[in-house]
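**Q** Sequence plus the predicted model coming up.
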Amino acid sequence: MRYIRITGAVLLVVILAWYLTGRSGQYINAPDALEVTPTNNTGNRIGDTAPDIELITPEGEVVALSSLRGSLVMLDFWASWCGPCRAGNPSKVEAWNQFRDKEFVNGEGFRLFSVSLDTNRDAWKKGIQDDNLDWNHHVSDLLGWDSEAAALYQVRSIPASWLIDGNGMIVARNLRGDNITETLTGLLAGQAP
């Protein structure tokens, strides 16, 4: 009987971890991202208009997500203390270097808007430097899990990301590794069917 309870508890933890890591069917690859139907809602789901957020850069400037309208934007929630986030950063660096000046079906250039859930400014800045995150749009309120931006996007685990087209519509979610490059390649102007 004890074995059954332990097995059940382990199974529950695995299912909960799978659900909370954002791998619950929200990923859409490039061909599907071209065919996303707008929902006419503002929210965090594919087809929704991405809610605007304004946060502070490491230098103290206020930057809004909406300031990147017209570009294809990856909204990326991460933290310097998050091992999976740090392990995934090289894929984002590669994508940014490869696509930052490209023209997309619905966006000019690829941008990253990185929202840190750090609580320590120095650790956040060191993570940016150590991982060579050379893009300009790093923001945080340094409130960790109490971040208003994380609450607005219902972030329950990190890394978490949304791909937003030039009109502000969410076209994909939680892209990781090679899926970032594959999706961006499929969204290049002249590549789409």
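**A** Received, thanks.

**Q** Residues in contact with stretch 129-139: which ones?
**A** 53, 55-58, 63, 68, 86, 89-90, 92-93, 96, 100, 111-116, 124, 127-128, 149 (Cβ atoms under 8 Å, 6 or more residues apart in numbering). To be clear about C-beta, it is placed using only N, CA and C from the backbone, and glycine gets the same treatment.

**Q** Are we agreed that Asp76 is in a helix?
**A** No: counting by DSSP: H, G, I helix; E, B strand; the rest coil, Asp76 is not part of a helix but strand.

**Q** show me the contacts for it.
**A** Residues in contact with Asp76, defined by Cβ under 8 Å, 6+ apart, are Lys92, Leu112, Phe113, Ser114, Val115, Pro159, Ala160, Ser161.

**Q** what sits opposite it in the beta ladder?
**A** Under DSSP bridges, the beta-bridge partners of Asp76 are Ser114, Ser161.

**Q** rewinding a little: out of the contacts of Asp76, which comes closest to Tyr153?
**A** Proximity of the contacts of Asp76 to Tyr153 (Cβ to Cβ) peaks at Ala160, which lies at 7.3 Å.

**Q** Spatially nearest residue to that closest one, not counting backbone neighbours?
**A** Using Cβ to Cβ, 6 or more residues apart in numbering and skipping the chain neighbours, the partner closest in space to Ala160 is Phe77 (4.5 Å).

**Q** can you count the residues close to the one you found?
**A** Using other Cβ atoms under 10 Å, Phe77 has 22 other residues around it.

**Q** any idea how far it lies from Asn44?
**A** To Asn44, Phe77 is 11 Å away according to Cβ to Cβ, to the nearest Å.

**Q** Residues in contact with both of these two, list them for me.
**A** With Cβ under 8 Å, 6+ apart as the test, Phe77 and Asn44 both reach Tyr153.
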